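1. sequence and predicted structure are below.
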Amino acid sequence: MPLLNKFDTAARIRKNLESGGHDPTHVVIDRIVSPTVGIVEGRRTILAGTNNYLGMTFDPACIEAGKRALENQGTGTTGSRMANGSFAAHASLEQDLADFFQMPHAMIFSTGYAANLGILTALCGANDTVLLDADAHASLYDGCQMSGAKVFRFRHNDPGSLEKRLQRLGDGGQDCLIVIEGLYSVLGDCAPVAEIVDLKHRYGAYLLIDEAHSLGLFGERGCGIAEQAGVLDQIDFVVGTFSKSLGAMGGFCASPHAELELVRYVSRPFIFTASSSPATVATTHEALRQLRKRPELREALWRNAKRLHTGLKKRGFLVGPQPSPVIAVQLGEKRKAAAFWNHLLEAGVYTNLMIPPASPDRHSYLRCSVSAAHTEEQIECIIEAFGYHHS
Ligand code: PMP
């Protein structure tokens, strides 16, 4: 096939997406006003699909820390840590992350995606086996694939299905790596971590949990779902991102295993890419301080999550059984969901359209992510806009 012909499929997909009005993959926010408001096509739009869970992107202390780092350390690091050296700020953020998770080791990556590729490819090779939750994020799938390990999926959030897989592996269950998320990003449901930890112990496996969407939102200290379930100290590898609740960019892994320090020597997504810029490290670090210092942010987030969940449910929408910082409204057929998404955007509410094959099942969803920075009034506006277009 000629090299460029393969884009015919992408062109068809784009045409279909555009036919409903706006292309949901190409919304341009002409001006960002706050963590929850942007100007889209001249309209003030409530942002209800940002993952900006704690509203940290406009936090004055984070902005100040970023500015100071820019002035004192420059705009970029211009290379990877292995070749060009680390800035003290990289090491200091790693130390603080280790303290936060109460684990002896932590390392940072330039993105959450790179963290998952970097850790999985370092941990696993052709002779290893990974048991992966079927709804895991693309970065976890990609990391597994790049590692060359044998990968078996188990049914989403189903410890019974995981146990069957472990039994089928026989002795191979020993030493295999189980990979899950904390809060799943599309439907907003949580992993049964305590049951999975129990299985890991019984079969002698290792457990990696991606807390990308749960960092700062769950657990007494805000470490995530594993902390909330009381099993954080039994997790082998906690990975996550700085791009959501911390409002910055970058990824991390924390672990009780000293081998994490050796990942630095073998992990290509760590070695062959530039390290995070000083401003990014500084805003991340300050956001981590704010997260620890201000539990009221988490309280505001949960108040808003409950308000939105109750409001949408009352209006007859199909939402998950529990309030969650991620609320996915099930809408059935693709075209109907796309039309609904367009109506909402025109009414000044931006959500995320999730249609098959990007959604975890055959349904389409409008995914809302709630922020601590949403006002009560904004949450009511979102509910109103949904209700108005309900037919
Ligand atoms: N893991 C999960 C579960 C995610 O949802 C995401 C981002 N959507 C990532 C990893 C990647 O994080 P980043 O955006 O920092 O690359």
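-> Perfect, I can see it now.
2. which residues in the stretch 251-391 of the chain form helices?
-> Ranges of helices within the stretch 251-391 of the chain are 260-266, 268-271, 278-293, 295-314, 334-346, 376-388, based on DSSP state H, counting those that start in this stretch.
3. what do you get for the stretch 101-250 of the chain?
-> Going by DSSP H, counting those that start in this stretch, the stretch 101-250 of the chain shows helices at 112-123, 138-147, 159-169, 193-203, 225-228.
4. nearest to the ligand, out of those helices?
-> In terms of C-beta to the nearest ligand atom, the element of the helices of the stretch 101-250 of the chain nearest to the ligand is helix 112-123, at 2.4 Å. The way it works is simple: take the backbone N, C-alpha and C, and place the C-beta from them, glycine included.
5. can you name every helix or strand that that closest one contacts?
-> Under the contact criterion of 3 or more C-beta pairs under 8 Å, 6 or more residues apart in numbering; DSSP states H and E, helix 112-123 touches strand 105-109, helix 138-147, strand 206-210, strand 237-241, strand 251-255, helix 260-266, helix 268-271.
6. nearest to Trp302, of these?
-> strand 237-241 (19.3 Å; C-beta to C-beta).
7. before we move on, the earlier item: got a markdown table for the helices of the stretch 101-250 of the chain, with mean neighbour count too?
-> Putting these into a markdown table (neighbours: other C-beta atoms under 10 Å) gives the following:
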| stretch | mean neighbour count |
| --- | --- |
| helix 112-123 | 26 |
| helix 138-147 | 20 |
| helix 159-169 | 17 |
| helix 193-203 | 19 |
| helix 225-228 | 25 |
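8. and those helices as a markdown table, adding mean pLDDT?
-> Supplementary listing: these in a markdown table, determined by pLDDT from 0 to 100:
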| stretch | mean pLDDT |
| --- | --- |
| helix 112-123 | 98 |
| helix 138-147 | 98 |
| helix 159-169 | 97 |
| helix 193-203 | 97 |
| helix 225-228 | 98 |
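9. for those helices, give me CSV that also has distance to the ligand.
-> Formatted as CSV, the helices of the stretch 101-250 of the chain follow (distance: least, C-beta to the nearest ligand atom, whole Å):
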stretch, distance to the ligand
helix 112-123, 2
helix 138-147, 4
helix 159-169, 18
helix 193-203, 15
helix 225-228, 12
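10. what pLDDT does Arg335 get?
-> At Arg335, the predicted lDDT confidence score is 86.
11. thought Gly20 was touching it, still the case?
-> Yes. Contact criterion C-beta atoms under 8 Å: Arg335 and Gly20 qualify, at 7.0 Å.
12. what number of residues lie near the residue nearest to Val238 when sequence neighbours are not counted?
-> Take Val238 and drop its neighbours on the chain: the residue closest to it by C-beta to C-beta, 6 or more residues apart in numbering is Ala254, 4.7 Å away. Here the count is done by other C-beta atoms under 10 Å, and Ala254 has 26 residues near it.
13. and Ala254, how far from the ligand?
-> Distance, Ala254 to the ligand, by C-beta to the nearest ligand atom, to the nearest Å: 15 Å.
14. looking at the helices of the stretch 251-391 of the chain, which is buried most?
-> helix 278-293 (a mean of 22; mean count of other C-beta atoms under 10 Å).
15. centre of the chain versus that helix, how much separation?
-> 17 Å (C-alpha atoms, centre = their mean, to the nearest Å).
16. do the same with stretch 327-343
-> Worked out by C-alpha atoms, centre = their mean, stretch 327-343 lies 22 Å from the chain centre.
17. ends of it, what's the gap?
-> 18 Å (C-alpha to C-alpha, to the nearest Å).
18. and what of stretch 246-263?
-> OK, stretch 246-263 end separation, C-alpha to C-alpha: 24 Å.
19. for stretch 263-281, same thing?
-> First residue to last in stretch 263-281 (C-alpha to C-alpha) measures 20 Å.
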